[in-house]
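> sharing a sequence plus its predicted fold:
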Amino acid sequence: MQQNWKELADLTGYEVEKLYQSVRQEALRELAFQELAVTRILKDLIEIRKHSPRHADLLTDAAGLPFSSYEELGDRHRITKQGVYSIMKRYAKSYGWIEGIMQIRAIRNTRGVPDPESRRRIASWREKRQTELHRGK
């Protein structure tokens, strides 16, 4: 492992310790941000549950199974797929992560998984959303 750090330091022109500390800090920041995102989603779900436990259950399933169709979610919760869509659309106005889940569903291909172009669009949307979160929107 030490040899890998030394090679990378030689390539970049940094001291090994400085390079290691820089990478370590970036990794810790990334982990902290990821945990914040999960915490934020859970906080939102708790808030939604106070108003409607059924809607919170639906949104929990939608977040946990992002490639499930509206019809599959509807069958699981005994509502129509249009009902699932309208519930998610209503909450997406207040909670950006729900919009992201809807975006993933919108770009599925016929096999039920994103194709390479869809993966790029998901990554682009995720990057845009993270930029907005960093700015405090």
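Alright, I've got the coordinates. Residues are numbered from 1 along each chain as shown.

> which regions of this protein lie under the pLDDT threshold?
1-2, 5, 8, 11, 30-36, 106-116, 118-119, 133, 136-137 (pLDDT under 70).

> other SSEs contacting the longest helix seen in it?
The helix that spans the most residues within the chain, counting by DSSP state H, is helix 16-51. When contacts are defined as 3 or more CB pairs under 8 Å, 6 or more residues apart in numbering; DSSP states H and E, helix 16-51 sits against helix 2-12, helix 53-64, helix 96-106. Bear in mind the C-beta positions are built from the backbone N, C-alpha and C, glycine included.

> quick one: closest of these to residue 37.
Residue 37 lies closest, by CB to CB, to one member of the helices and strands packed on helix 16-51: helix 96-106, at 7.7 Å.

> mind listing residues that contact that closest one?
Counting by CB atoms under 8 Å, 6 or more residues apart in numbering, helix 96-106 makes contact with 37, 40-41, 44, 59, 62-63, 66-67, 69-70, 88-89, 91-92, 114, 121-122, 125-126, 129, 132-133, 137, all of which sit outside it.
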